[in-house]
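**Q** Sequence and predicted structure below; questions after.
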Amino acid sequence: MTREEEIKQAANDIFDIEDQKRLNQGFIKGAEWADQHPKEGLWDAEKVCDFIASHLTDKSIINNWQLPYQTVQDFIEDLHKAMEE
């Protein structure tokens with residue numbers, strides 16, 4: 001489910017009244033605004049993955065870390081999956 005679909009579903013779940021369409025639109029606009037203005041201190045997944053990719057090598061993961069990864073890319077892919085959950 002996309003973020004847009006999640007927002008619409010959440011609006012439908014929350015507002016079950018006669019004026020649902022107007023309230024849904026307000027909820028959706030608020031969620032969109034929140035997505036565009038994240039709370040300070042939250043971090044950007046792409047920046048984190050770029051940092052990891054530029055500071056680690058496949059050899060450092062295999063030789064120095066006790067992780068089940070053979071490449072930096074494997075590690076980054078699992079990080080992305082975990083952050084989406």
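**A** Arrived safely.

**Q** So for Val72, what's the nearest residue that isn't a sequence neighbour?
**A** In this structure, Val72 finds its nearest non-sequential neighbour in Leu56, 5.0 Å apart by C-beta to C-beta, 6 or more residues apart in numbering. From N, CA and C alone the C-beta is placed, and that goes for glycine too.

**Q** My understanding was that the one you found contacts Asp74; is that so?
**A** No - counting by C-beta atoms under 8 Å, Leu56 stays clear of Asp74, with 11.4 Å between them.

**Q** send the alpha carbons of the lengthiest helix in the chain over as CSV?
**A** Determined from DSSP state H, the single longest helix within the chain is helix 20-36. Output of helix 20-36 as CSV, limited to C-alpha atoms (Å, rounded to 0.1, in the frame of the first residue of the first chain):
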residue,chain,number,x,y,z
GLN,A,20,-16.9,12.6,5.9
LYS,A,21,-15.8,13.9,2.6
ARG,A,22,-15.0,17.4,3.9
LEU,A,23,-13.3,15.9,7.0
ASN,A,24,-11.3,13.4,4.9
GLN,A,25,-10.0,16.2,2.7
GLY,A,26,-8.8,18.1,5.8
PHE,A,27,-7.2,15.0,7.2
ILE,A,28,-5.5,14.2,3.9
LYS,A,29,-4.2,17.8,3.5
GLY,A,30,-2.8,17.7,7.1
ALA,A,31,-1.0,14.4,6.4
GLU,A,32,0.4,15.7,3.2
TRP,A,33,1.7,18.8,5.0
ALA,A,34,3.2,16.7,7.7
ASP,A,35,5.0,14.6,5.1
GLN,A,36,6.4,17.7,3.6
